[in-house]
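In: structure for this input, please:
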Amino acid sequence: MKYAVSSCLLGVNCKYNGGNNASSELIDYLKEHEVLQVCPEVLGGLPTPRACAEISGEYIMNTEGEDVTAQFKKGAALALAQIREFQPDLVILQPRSPSCGKGIIYDGSFQNRLVEGDGMFARLLLDEGIPVMTCGEFLEEVKPLSTKGLEMHGKPMGKAIFLEKKRIKDCKWYQNGLK
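Out: Numbers count the residues shown, from 1 in each chain. Purely as a prediction, here's the structure:
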């Protein structure tokens, strides 16, 4: 299978604070798969480290009071172009991020308050019908459904993952030519 993944989840130091959100469980699982790492914020020209940013209405503002919406839009568009070219089966994103958050993001007050919403890049992906999950959703719901090694009528099935999820239209992912 092909996955596109937030770079910070793969251990790349591209977070606003210069760190990462490496998930050893995710990294270990992805060793058997083709992976594209993507960081819309870096693609948009934002430095690492940088001031923390949150979505506030139609804008993305940082803790310095600067409007960084243009950089986030540019990065989201460039990342979307990479996704279109790579054509992953699933995109796995960092939760709560103003770029990659899916379903829940910070409210723009810089008070660690969460609200329903999507980051700018996640919203572009969802609007295009591209399957998206957060790292936590993936590790909790999809990875355990792997059927690697199962047989049907004495023949290897390969790996098939079936997932029905809110915001994802009855997606089916197949490996080894299963349909």
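
In: OK, contacts around the residue nearest the centre of the chain?
Out: Nearest to the geometric centre of the chain sits residue 93, at 1.8 Å (CA atoms, centre = their mean). If you count contacts by CB atoms under 8 Å, 6 or more residues apart in numbering, residue 93 has them with 5-6, 9, 100-102, 119, 121-122, 132-135. Backbone N, C-alpha and C define where each C-beta goes, glycine included.

In: so which of those comes closest to residue 71?
Out: residue 121 (12.0 Å; CB to CB).

In: and the helices in the protein, which stretches?
Out: 24-30, 40-43, 69-86, 120-127, 135-137 (DSSP state H).

In: now the ones you listed in CSV, with distance to residue 58?
Out: Putting those into CSV (distance: least, CB to CB, whole Å) gives the following:
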stretch, distance to residue 58
helix 24-30, 32
helix 40-43, 17
helix 69-86, 8
helix 120-127, 11
helix 135-137, 27
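
In: point out the most buried one among those.
Out: helix 40-43 (a mean of 26; mean count of other CB atoms under 10 Å).

In: quick check: which ranges of the protein have low pLDDT?
Out: 143-179 (pLDDT under 70).

In: okay, strands next: where are they in it?
Out: 2-6, 34-38, 53-56, 59-62, 90-93, 104-106, 114-116, 132-134, 151-152, 155-156, 160-165, 168-174 (DSSP state E).

In: and the second one, what's buried?
Out: Spelled out, it's strand 34-38. Neighbour-count burial for strand 34-38, counted by 16 or more other CB atoms under 10 Å, picks out 35, 36, 37, 38.

In: can I get these in CSV with distance to residue 127?
Out: Converted to CSV, the buried residues of strand 34-38 look like this (distance: CB to CB, whole Å):
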residue, distance to residue 127
35, 23
36, 19
37, 22
38, 17
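
In: what's opposite residue 104 in the beta bridge?
Out: residue 116 (DSSP bridges).

In: quick one, what contacts it?
Out: Neighbours of residue 104 in contact, by CB under 8 Å, 6+ apart: 95, 96, 114, 115, 116, 117.

In: residue 99 contacts residue 119, doesn't it?
Out: Yes: applying CB atoms under 8 Å, one finds residue 99 in contact with residue 119, separated by 4.6 Å.

In: just the terminal-to-terminal distance for stretch 21-39.
Out: 12 Å (CA to CA, to the nearest Å).

In: ok, and what's touching that stretch?
Out: Contacts for stretch 21-39 (CB under 8 Å, 6+ apart): 1-12, 14-15, 75, 79, 82-83, 86, 88, 92, 94, 99, 135, 138-139, 143.

In: so how far is stretch 69-81 off the chain centroid?
Out: 14 Å (CA atoms, centre = their mean, to the nearest Å).

In: thanks a lot, see you next time.
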